[in-house]
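>>> sequence and computational prediction follow.
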Amino acid sequence: MNKDIVEGKWKQIRGEAKVWWGKLTDDDLDRAAGKFEILAGILQEKYGYTREAAAEEIEKRMTEFEDNLKKKTQPASVK
């Protein structure tokens, strides 16, 4: 995953992030500001993840987020 996706879509992702990671506060999200490495560090602090686990968690969520966006924007097939 391109780490720029997190930053580029941060405004959309921010609300989802509070659902995905309930321990994150608004201050945490403000501090992350869409920066992949900062968000990974915050997840390490709050959840005790290793750096690798935090990165994998973010990538998994971003992939799910992107897939859901694609589903919403694809036109229904004509029968």
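Arrived safely.
>>> just the endpoints, please. Distance across stretch 24-43?
8 Å (CA to CA, to the nearest Å).
>>> and G8, what does it touch?
G8 makes contacts with G34, as judged by CB atoms under 8 Å, 6 or more residues apart in numbering. Where C-beta positions appear, they are placed from N, C-alpha and C, glycine not excepted.
>>> any regions of the protein where pLDDT drops low?
1-2, 74-79 (pLDDT under 70).
>>> longest helix in it, by number of residues?
Longest helix in the chain, counting residues (DSSP state H): helix 51-73.
>>> which strands and helices lie in contact with that one?
If you count contacts as 3 or more CB pairs under 8 Å, 6 or more residues apart in numbering; DSSP states H and E, helix 51-73 packs onto helix 4-8, helix 10-20, helix 36-47.
>>> distance to F65 for the ones you listed - can I get that in a markdown table?
Output for the helices and strands packed on helix 51-73, formatted as a markdown table (distance: least, CB to CB, whole Å):
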| stretch | distance to F65 |
| --- | --- |
| helix 4-8 | 9 |
| helix 10-20 | 6 |
| helix 36-47 | 13 |
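>>> just name the most buried of the ones you listed.
Highest mean neighbour count among the helices and strands packed on helix 51-73 (mean count of other CB atoms under 10 Å): helix 36-47, with a mean of 18.
>>> contacts for it?
Contacts of helix 36-47 (CB under 8 Å, 6+ apart): 3, 6-7, 17, 21, 23-24, 28, 31-32, 49-51, 54-55, 57-58.
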